[in-house]
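Visitor: Okay, predicted coordinates and the sequence, questions at the end:
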Amino acid sequence: MNDLPSEKIEEHKQVTTLGMSWNCKNDELSYNISMEINEKKEYTKREVLSAASRIYDPLGYLTPFVIRAKTLIQELWKRGLRWEDPIPHDLKTTWTRWITEWKEIENVQIPSCLIEIPMKNIIRLELHGFSDASERAYGGAVYIKMIDVEGRGVIKLVV
């Protein structure tokens with residue numbers, strides 16, 4: 001993006017791609033997931049599932065957030081709740097905290113460019129993968145590490 005003439009980049013242009021918003025000027029991706037949140041409302045199992053399903057995250061950056069709702073849904077199923085049953089009192093705090101944090105998703109900005117160093121200056125690229133699991137969930141992450149000709153390293157989360 002830095003190589004493009006500034007007159008070729010539209011000011012404040014937002015484009016939708018992969019279900020996300022792409023800010024062409026800053027070359028950043030963001031989530032535009034809106035939800036009417038009423039913290040005093042008695043939410044049901046159906047509404048919990050509906051809310052968790054509204055988050056489309058093809059790149060997986062919101063997985064640490066989404067997994068909390070999915071484990072809550074698992075717990076609601078284990079307890080045998082019907083679709084219109086309200087969330088039990090002991091799980092309500094978990095749900096309220098989750099929907100309150102939902103508002104922060106729109107503040108997440110993800111640079112779309114992983115490699116900020118000119119390719120001719122990179123002498124080594126490494127991929128590092130990590131994973132972990134518990135009885136309730138599993139996850140993984142992949143990072144790219146770039147070393148330039150001066151020995152400086154840059155590490156970025158890939159997925």
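Guide: Ah, there it is.
Visitor: Using CSV, write out the CA atom coordinates for the biggest helix by length in the chain.
Guide: Assignment by DSSP state H gives helix 63-78 as the longest helix of the chain. C-alpha atoms of helix 63-78 as CSV (Å, rounded to 0.1, in the frame of the first residue of the first chain):
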residue,chain,number,x,y,z
THR,A,63,-11.7,-17.4,18.6
PRO,A,64,-10.7,-16.7,22.3
PHE,A,65,-13.9,-14.5,22.5
VAL,A,66,-16.2,-16.9,20.6
ILE,A,67,-15.1,-20.0,22.5
ARG,A,68,-16.4,-18.6,25.7
ALA,A,69,-19.9,-18.5,24.3
LYS,A,70,-19.6,-21.9,22.8
THR,A,71,-18.6,-23.4,26.1
LEU,A,72,-21.6,-21.7,27.7
ILE,A,73,-23.8,-23.2,25.0
GLN,A,74,-22.3,-26.7,25.8
GLU,A,75,-23.2,-26.1,29.5
LEU,A,76,-26.8,-25.1,28.6
TRP,A,77,-27.2,-28.3,26.6
LYS,A,78,-25.7,-30.5,29.4
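Visitor: what mean pLDDT would you report for it?
Guide: Computed over helix 63-78, the mean pLDDT rounds to 94.
Visitor: Same question for stretch 122-131.
Guide: Rounded mean pLDDT across stretch 122-131 is 94.
Visitor: and it, C-alpha only, in PDB?
Guide: The C-alpha coordinates for stretch 122-131 follow below in PDB (Å, rounded to 0.1, in the frame of the first residue of the first chain):
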ATOM      1  CA  ILE A 122      14.400 -10.600   4.500                       C
ATOM      2  CA  ILE A 123      17.100 -13.300   4.900                       C
ATOM      3  CA  ARG A 124      15.000 -15.800   6.900                       C
ATOM      4  CA  LEU A 125      11.300 -16.600   7.300                       C
ATOM      5  CA  GLU A 126      10.100 -19.000  10.000                       C
ATOM      6  CA  LEU A 127       6.600 -20.300  10.800                       C
ATOM      7  CA  HIS A 128       5.900 -21.300  14.400                       C
ATOM      8  CA  GLY A 129       2.800 -23.200  15.300                       C
ATOM      9  CA  PHE A 130       1.400 -23.700  18.800                       C
ATOM     10  CA  SER A 131      -1.700 -25.700  20.000                       C
END
